[in-house]
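S.K.: the sequence isn't on hand, but the structure is:
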């Protein structure tokens, strides 16, 4: 049995503990190792918390316990996180951190300390929250010469820009809404003025180009100057305004790390990344380009990335890291299409009439979209989408339509998100 | 020095050798290990090829050479790939394969063989080509309970559907174009009828749900029945038709693996994945949802994934797998904003006139887009995008516009793909 210590029992730290216990069995099977959380370091007490008995106030308890092999640092800030993480690595304990400020300012030192002490320092959660991007960059894509990375690295500003884009809100109103929803802090400067995205650019740039890039080397401009008129004009040009963190290698071999609002044409998948989601696009000589998309922040998404790192720390102690799946002794675990359930798209020969609406109603179906289009030759086409149902119900609706004189020209399931 | 053997010197195998030698230095630095390709197994001779001297015709040469630690299997098909890969694993050599048929039909056996012989069997290239998705699924996201995976797993069909969507081509014409461009085989059945996507669903389903799922357990329907009218009606409903490979856990614990055309609403990022690109969306309890996007096929993209696996095999032999970056002894390697170059978006107070066009021309700028919009209150707004330039030129154009009486209300760089 190997033990984990969690430093900091705030939003992320408590998410790590919660997600670990939720999926403990799965994680132990995946790593082939019995695991448990032994300590939670925090200055506060947590009376009534199910894990209150694990809370300690002194880092030395963790440092001096040889059972603790893995440490999840979720405190944030450089001090005392830097001292604590350094001491853990010096004691040969692998560390996973969600602390982007720590990595952006001290990454080089901590990586060297880890190497010297034969343990790992991982920070998947420090960029893009839940999105696997750090590990793919230094394993899956490591056979390539990577030339650029660009992406949406801050969900708060992306939410604000989307509200301006979709709901025609002014910047100040969109910011206020983001604060009300808890996406933006009362002092929104770190998000809105680009400091948060800047730290993530530092981490990506250092990782890809192999030398530490500090925050003050990054040209950083936030979104305060972006007006509703700018966003609308970009929209008229089939583009969106996004806060883009980017680092690119120039022809002379130097790199240019930047954070600034950019106009992104709709042909780029980045322009379609909405809400508080993040995305990281990477360009390289072999793979051309690839993009990673997901939640950039939040309790469980960030915890997911921290736990992924811990799992990798455990696996790094074995030679065999490939996942295993077993021979299926039977196929009972695979359902057949009777179990398939999805909304349905129908292309039909005529407009839905009352009889069709009644048939849908009787089958428990809601017509969520009805559509007709006019071709250049004045020919009309008709379609509708109905709520999720199984194949039997979908076929029954087809029959009802045909019975009422509407031909079904096509029926295609809809992918629900 | 550790040696690599490449099985099969076709498109993918030759890509692996090419990309390896292109980035050898980087790969050796990343893994901390000197590496070389020692053998290329193929029935043919390759006179004039720069690596012709590495070609061997007998697998036993590779099996009996203790210097060979890593094997890249790029032959395709089940026979003799299965025998060769089995023998390599039994000899303790880690294997990376791009062969989706092999993994879909024999993955469980090969993973067990690898474990028994203390080596790795990796297959990142077998799903999504260059896209890192296999490794993130079994490391980064392994702290989660994954409930579903769905995506565009075949680039040929996605290209055909896009041509129908964007260029109003009929299915047969789009297929013919795909064949002319080399995206589709002369016998396009494996792509068009879904067998290729089906194999990838098997691999994803087995990996995520832990039991081998064979191709004949997957409901598979291709895109032959999809008409231009279907695609256009979906478009009228703000959706796209895509061939979706999917596996989902049902409420009763069984799983439902499917390949079929589905209507994908534009709110889903999947609907915006165009051309021969692939994308894999994953849903889980901690991270919510995350998507991986990139090239699903091709010589160097597939080679990128195979090499990433080899790099991971090498790293798996060390405890420390975290990447390292060095302290930057100076910041000369970081350029400043004088080096920044991008197209520019201008929001302006009036329509571009001849004087403005002349000024752009004199600065070497091309006006790529000009736009004006009319508000509800009849107020007009104007904008343009000019070709890539540095900040000095962008400022000079601003000055020229203002000199000719056009106010510049905003200037924002454009993210070029």
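M.R.: Received it, and whenever you're ready, just let me know what you need. Owing to the predicted nature of the structure, the values given are computational and were not obtained by experimental measurement.
S.K.: domains in chain A, as residue ranges please.
M.R.: Annotated domains of chain A cover A:2-126, A:134-295, A:337-413 [automatic domain parsing].
S.K.: can you tell which of these is closest to chain B?
M.R.: domain A:134-295 (2.9 Å; C-beta to the nearest C-beta). Backbone N, C-alpha and C define where each C-beta goes, glycine included.
S.K.: now the domains of chain A in CSV, with distance to chain B and mean neighbour count?
M.R.: Shown next, in CSV, are these (distance: least, C-beta to the nearest C-beta, whole Å; neighbours: other C-beta atoms under 10 Å in any protein chain shown):
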stretch, distance to chain B, mean neighbour count
domain A:2-126, 4, 19
domain A:134-295, 3, 22
domain A:337-413, 4, 16
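S.K.: between these, which gets nearest to residue B:344?
M.R.: When those are ranked by proximity to residue B:344, the top entry is domain A:134-295, at 8.5 Å, counting by C-beta to C-beta.
S.K.: that closest one: how far from the chain's middle?
M.R.: Mean-position distance between domain A:134-295 and its chain equals 13 Å (C-alpha atoms, centre = their mean, to the nearest Å).
S.K.: okay, now the unreliable bits of the stretch 101-250 of chain A?
M.R.: Scanning the stretch 101-250 of chain A for pLDDT under 70 picks out nothing.
S.K.: where do the strands sit along it?
M.R.: Here the stretch 101-250 of chain A has its strands, by DSSP state E, counting those that start in this stretch, at A:121-122, A:146-152, A:219-220, A:239-249.
S.K.: what residues are up against the residue lying closest to residue A:113 once chain neighbours are set aside?
M.R.: The spatial neighbour of residue A:113 that comes closest, neighbours along the chain excluded (C-beta to C-beta, 6 or more residues apart in numbering or on different chains), is residue A:89 at 4.4 Å. For residue A:89, the contact set (C-beta atoms under 8 Å, 6 or more residues apart in numbering or on different chains) comprises A:95, A:110, A:113, A:114, A:117, A:119, A:121.
S.K.: quick check: residue A:186 touching residue A:180?
M.R.: No: using C-beta atoms under 8 Å, residue A:186 is not in contact with residue A:180; the gap is 11.0 Å.
S.K.: on the three-state scheme, residue A:294 is what?
M.R.: Counting by DSSP: H, G, I helix; E, B strand; the rest coil, the backbone at residue A:294 sits in strand.
S.K.: for it, give the beta-bridge partners.
M.R.: In this entry, residue A:294 is beta-bridged to residue A:278, residue B:290, by DSSP bridges.
S.K.: pretty sure residue A:404 is touching residue A:353, no?
M.R.: Yes: counting by C-beta under 8 Å, residue A:404 touches residue A:353, with 6.7 Å between them.
S.K.: just to revisit the earlier point, dihedrals phi and psi, the residue nearest to residue A:113?
M.R.: phi -60, psi -40 (degrees, to the nearest 10).
S.K.: and what of the one 5 residues further on?
M.R.: The phi and psi values for residue A:94, taken as degrees, to the nearest 10, are phi -70, psi 150.
S.K.: then the one 4 residues further on?
M.R.: Note on residue A:98: its backbone torsions stand at phi -110, psi 10 [degrees, to the nearest 10].
S.K.: and the helices in chain A?
M.R.: In chain A, the helices defined using DSSP state H lie at A:11-22, A:24-31, A:59-63, A:81-90, A:100-116, A:134-138, A:155-167, A:171-180, A:189-192, A:195-209, A:228-236, A:299-315, A:354-362, A:391-403.
S.K.: let me know the average pLDDT across the third one.
M.R.: Spelled out, it's helix A:59-63. For helix A:59-63, mean pLDDT is 98.
S.K.: what is it packed up against?
M.R.: Helices and strands touching helix A:59-63, by 3 or more C-beta pairs under 8 Å, 6 or more residues apart in numbering or on different chains; DSSP states H and E, are strand A:2-7, strand A:35-41, helix A:81-90.
S.K.: chain center to that helix, what's the gap?
M.R.: 32 Å.
S.K.: can you list contacts of it?
M.R.: Here helix A:59-63 makes contact (C-beta under 8 Å, 6+ apart) with A:5, A:7, A:39, A:41, A:56, A:68, A:71, A:80, A:84, A:87-88, A:91, A:93.
S.K.: which two from those end up farthest apart in space?
M.R.: Top of the distance list for those (C-beta to C-beta): A:68 and A:80, 17.7 Å.
S.K.: contact partners for residue A:46?
M.R.: Residues near residue A:46 by C-beta under 8 Å, 6+ apart: A:9, A:52, A:55.
S.K.: do that again at 6 Å, thanks
M.R.: Going by C-beta atoms under 6 Å, 6 or more residues apart in numbering or on different chains, residue A:46 touches A:52, A:55.
S.K.: and the residue lying closest to residue A:96 once chain neighbours are set aside, how many neighbours?
M.R.: Sequence neighbours aside, residue A:309 is the residue nearest to residue A:96 in space, at 3.4 Å (criterion: C-beta to C-beta, 6+ apart). As a burial measure, residue A:309 scores 29 neighbours (other C-beta atoms under 10 Å in any protein chain shown).
S.K.: make TSV out of the contacts of residue A:89 and add distance to residue A:393.
M.R.: As requested, the contacts of residue A:89 are exported to TSV (distance: C-beta to C-beta, whole Å):
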residue	distance to residue A:393
A:95	53
A:110	57
A:113	61
A:114	57
A:117	61
A:119	56
A:121	54
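S.K.: measure how buried the closest residue to residue A:32 other than its chain neighbours is and give me the count.
M.R.: Nearest-residue entry for residue A:32: residue A:318, 7.0 Å, with adjacent residues in sequence omitted and distances by C-beta to C-beta, 6+ apart. By the measure other C-beta under 10 Å, the count of residues near residue A:318 is 15.
S.K.: for residue A:318, give me the pLDDT.
M.R.: pLDDT, read off for residue A:318, is 81.
S.K.: residue A:164 and residue A:174 touch, don't they?
M.R.: Yes: under the criterion of C-beta atoms under 6 Å, residue A:164 is in contact with residue A:174, at a separation of 5.4 Å.
S.K.: wait, what's in contact with the residue in the stretch 301-417 of chain A that chain B sits nearest to?
M.R.: Of all residues in the stretch 301-417 of chain A, residue A:307 sits closest to chain B, at 2.9 Å by C-beta to the nearest C-beta. Neighbour list for residue A:307: A:19, B:143 [criterion: C-beta under 6 Å, 6+ apart].
S.K.: thinking again about what came up before, wait, which of the helices of chain A is closest to residue A:269?
M.R.: Closest among these, once you apply C-beta to C-beta, is helix A:155-167, at 13.9 Å.
S.K.: give me the angle between the closest one and helix A:228-236.
M.R.: Orientation of helix A:155-167 against helix A:228-236 (axes from the mean of the first three to the mean of the last three C-alpha atoms, to 10 degrees) gives an angle of 70 degrees.
S.K.: one step back: residues in contact with the residue nearest to residue A:96?
M.R.: For residue A:309, the contacting residues are A:96, A:122, A:124, by C-beta under 6 Å, 6+ apart.
S.K.: try 8 Å
M.R.: Neighbours of residue A:309 in contact, by C-beta under 8 Å, 6+ apart: A:72, A:96, A:122, A:123, A:124, A:125.
S.K.: for the fourth one, which non-adjacent residue is closest in space?
M.R.: Sequence neighbours aside, residue A:103 is the residue nearest to residue A:123 in space, at 4.7 Å (criterion: C-beta to C-beta, 6+ apart).
S.K.: distance of the one you found relative to residue A:23?
M.R.: 25 Å (C-beta to C-beta, to the nearest Å).
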